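>>> quick one: sequence and predicted model below, then my questions.
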Amino acid sequence: MFDICELHEPGTLEEAKAILAENPGLKVIAGGTDVLIRLQHGSLAGAGLLSLKNLHALEEIVMLGDGTISVGAMAPFTTIFQSGLIRRHVPVLCEAAVSMGGPQVRNVATIGGNICNGAVSADSASTLFALDALLKLETSTDERIIPMGDFYAGPGKVNLRPGELLTAVLIPREGYEGMGGHYIKYAMRKAMDIATLGVAVVCKVREDRFVDLRIGLGVAAPVPIRCFEAEAYAKGKEVTPEVVQEIARLAVKPAKARTSWRASKDYREHLIEVLAQRAVAEAVKRGGGCCAD
Amino acid sequence: MQKRIALKVNGRPVQIEIDIRESLLDVLRDRLQFTGVKQGCSVGECGACTVLIDGVPVNSCIYLAAWADGKSVTTVEGIAQDGRLSPVQEAFVEEGAIQCGFCTPGLVLSTTALVESGKRFTHDEVRRELSGHLCRCTGYQKIIDAAERALREAEAASE
């Protein structure tokens, strides 16, 4: 049995925010594929849970009037992977979504839960970061919208204020429009594994030059990171194998890889360079360019 | 803390008072005696406890029983009809896709969900859709063969 002392199951977002305002100590549970495992391991012993499972309105994936794509925080990974809207406009997010866990986990695990857990290996995080995604956070009285980069505070730590719920992930039009993308998850197994490294690249290429390039890395530092130096270097450069190689070399710089039982620091840095190169080359192809070898 | 839930299990309405600390796996196995739902890893990695919730494969070990309120749950016990194995079960038998049998209920349910989706799947997609199940006996070739056979036969039957 899970060691929990109470379970709240509000039927509306308003109700959920009100309950959390009164009981800020409650642990929010979405799909449960992380929270219930932590309970199983005893690390959240005695927790009171606020379940968002019945907030079906938060599962919606829609395009807003200004072209922003809004992914409800309770959208399961399978829903994201199968969404025609995401496939048409942000296919790289489909790639990331289907790389997470296995089918049964993807059927219940939500994008909001994946982000709020603060796991550096979260498959959606590096991709959303590369897409310049924003997070919509709501309390019973307030709401704010912040960039992904401001949300991660450390391993397993996020900047959620007391009483605050993540309600939607917003991908602005400039974040995805005309961009080719590619996500590479490097892990020991092809399914049900946690990334040793995750590399997400989106880019726009016109007349064989990089107009825009963004790289997000997972498991390369205590939090998901962007490779701003590599991105700045790329802008305006002609797409050549040498330039792509230099981008990949620069992508290693912001990394603070560490040695864990999964991989050593040196190996992770090697992976960043090699996989960034591959991901950029593929993203270029999908973004309307070609990178002759 | 108790909660009264009403759900359907294998098509039959069930009302039961559960403890909010229970997983759906606990309730199905220990209270309702659906022991075809296997307890494997208890952390959602092995897929032995897979059931269909409103037709969707879910690991019942990391799913609160409280969440099953109002849902329709299918376990492997609900797959055979009138004592006859389902086409998916037949395919597993025909392909010899079973050794110890511990992973089989979950795999039969995931395969059933694929067949009932009415979609077509490539070989790689079948492998991907069954990747949330661990088999420690035989390897996966015969299991994949069985799933592809079931999908092929369902498609032929619908034409």
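Perfect, thanks for sending it.

>>> please enumerate the helices of the stretch 1-150 of chain A.
Remark: helices assigned in the stretch 1-150 of chain A by DSSP state H, counting those that start in this stretch are A:13-22, A:35-40, A:77-82, A:84-89, A:91-99, A:103-108, A:111-116, A:123-130.

>>> centre of the chain versus the third one, how much separation?
For helix A:77-82, the gap between its own C-alpha mean and the chain's C-alpha mean amounts to 14 Å (CA atoms, centre = their mean, to the nearest Å).

>>> same question for the fourth one.
Here helix A:84-89 is found 17 Å from its chain centre; the criterion is CA atoms, centre = their mean.

>>> what sits against A:S51?
By CB atoms under 8 Å, 6 or more residues apart in numbering or on different chains, A:S51 lies in contact with A:7-10, A:29, B:64, B:66-67. No exception for glycine: its C-beta is placed from N, CA and C like everyone else's.

>>> with neighbour count, distance to A:A122 and pLDDT as new columns, can these be given to me in JSON lines?
Converted to JSON lines, the contacts of A:S51 look like this (neighbours: other CB atoms under 10 Å in any protein chain shown; distance: CB to CB, whole Å; pLDDT from 0 to 100):
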{"residue": "A:L7", "neighbour count": "20", "distance to A:A122": "25", "pLDDT": "98"}
{"residue": "A:H8", "neighbour count": "17", "distance to A:A122": "25", "pLDDT": "98"}
{"residue": "A:E9", "neighbour count": "21", "distance to A:A122": "25", "pLDDT": "98"}
{"residue": "A:P10", "neighbour count": "18", "distance to A:A122": "25", "pLDDT": "98"}
{"residue": "A:I29", "neighbour count": "25", "distance to A:A122": "17", "pLDDT": "98"}
{"residue": "B:L64", "neighbour count": "28", "distance to A:A122": "22", "pLDDT": "98"}
{"residue": "B:A66", "neighbour count": "22", "distance to A:A122": "26", "pLDDT": "98"}
{"residue": "B:W67", "neighbour count": "23", "distance to A:A122": "23", "pLDDT": "98"}
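
>>> state the pair within the residues you listed that is farthest apart.
A:P10 and B:L64 (14.7 Å; CB to CB).

>>> OK, now which residue of the stretch 151-293 of chain A is nearest to chain B?
Relative to chain B, the nearest point of the stretch 151-293 of chain A is A:A191 (3.3 Å; CB to the nearest CB).

>>> quick one: pLDDT of the spatially closest residue to that residue that is not a sequence neighbour?
With sequence-adjacent residues excluded and distances taken as CB to CB, 6 or more residues apart in numbering or on different chains, A:A191 is closest to B:S131, at 3.3 Å. You'll see B:S131 listed with a pLDDT of 96.

>>> can I assume B:S131 sits in a strand?
No. Under DSSP: H, G, I helix; E, B strand; the rest coil, B:S131 sits outside any strand and is assigned coil.

>>> how about the residue of chain B found nearest chain A, what does it touch?
Using CB to the nearest CB, the closest approach of chain B to chain A is made by B:G132 at 2.7 Å. Going by CB under 8 Å, 6+ apart, B:G132 touches A:101-105, A:191-192, B:47, B:50, B:57, B:59, B:110.

>>> go on, A:A234?
So A:A234 contacts A:203, A:210, A:213, A:243, A:247 (CB under 8 Å, 6+ apart).

>>> and for the host helix or strand of the last one, what's in contact with it?
Meaning A:I247. Taking DSSP states H and E as the definition, A:I247 sits inside helix A:241-251. Helix A:241-251 is contacted from outside by A:210, A:213, A:215, A:217, A:227, A:229-230, A:233-234, A:237, A:272-274, A:276-277, A:280-281, A:284, A:291-293, using CB under 8 Å, 6+ apart.

>>> ok so, going back, farthest-apart pair in the contacts of A:A234, please.
Farthest pair in those, by CB to CB: A:C203 and A:V243, 11.7 Å.

>>> which residue is nearest the centroid of the chain?
With no chain named, the answer covers chain A. A:A125 (1.7 Å; CA atoms, centre = their mean).

>>> wait, chain B
B:L109 (2.9 Å).

>>> coming back round to it: drop anything exposed from the contacts of B:G132.
A:101-105, A:191-192, B:47, B:50, B:57, B:59, B:110 (16 or more other CB atoms under 10 Å in any protein chain shown).

>>> helices and strands around the following helix or strand past the helix holding A:I247, which ones?
Of the helices and strands lying after helix A:241-251 in sequence (DSSP H and E), the nearest is helix A:265-286. Contacts defined by 3 or more CB pairs under 8 Å, 6 or more residues apart in numbering or on different chains; DSSP states H and E place helix A:265-286 against strand A:180-186, strand A:197-206, strand A:209-218, helix A:241-251.

>>> most packed of the ones you listed?
strand A:197-206 (a mean of 27; mean count of other CB atoms under 10 Å in any protein chain shown).

>>> got the angle for that strand vs helix A:91-99?
Per axes from the mean of the first three to the mean of the last three CA atoms, to 10 degrees, the angle that strand A:197-206 makes with helix A:91-99 is 160 degrees.

>>> domain map for chain B?
When chain B is parsed with automatic domain parsing, its domains come out as B:2-78, B:87-158.

>>> briefly note if the first one comes near chain A.
Read it as domain B:2-78. Yes. Applying CB under 8 Å from any CB of the partner chain, one finds domain B:2-78 touching chain A at B:3, B:19-23, B:26, B:42-45, B:47, B:50, B:56-59, B:62-64, B:66-67.

>>> B:H123 contacts B:E148, doesn't it?
Yes. Look at B:H123 against B:E148 with CB atoms under 8 Å: they come within range, at 7.1 Å.
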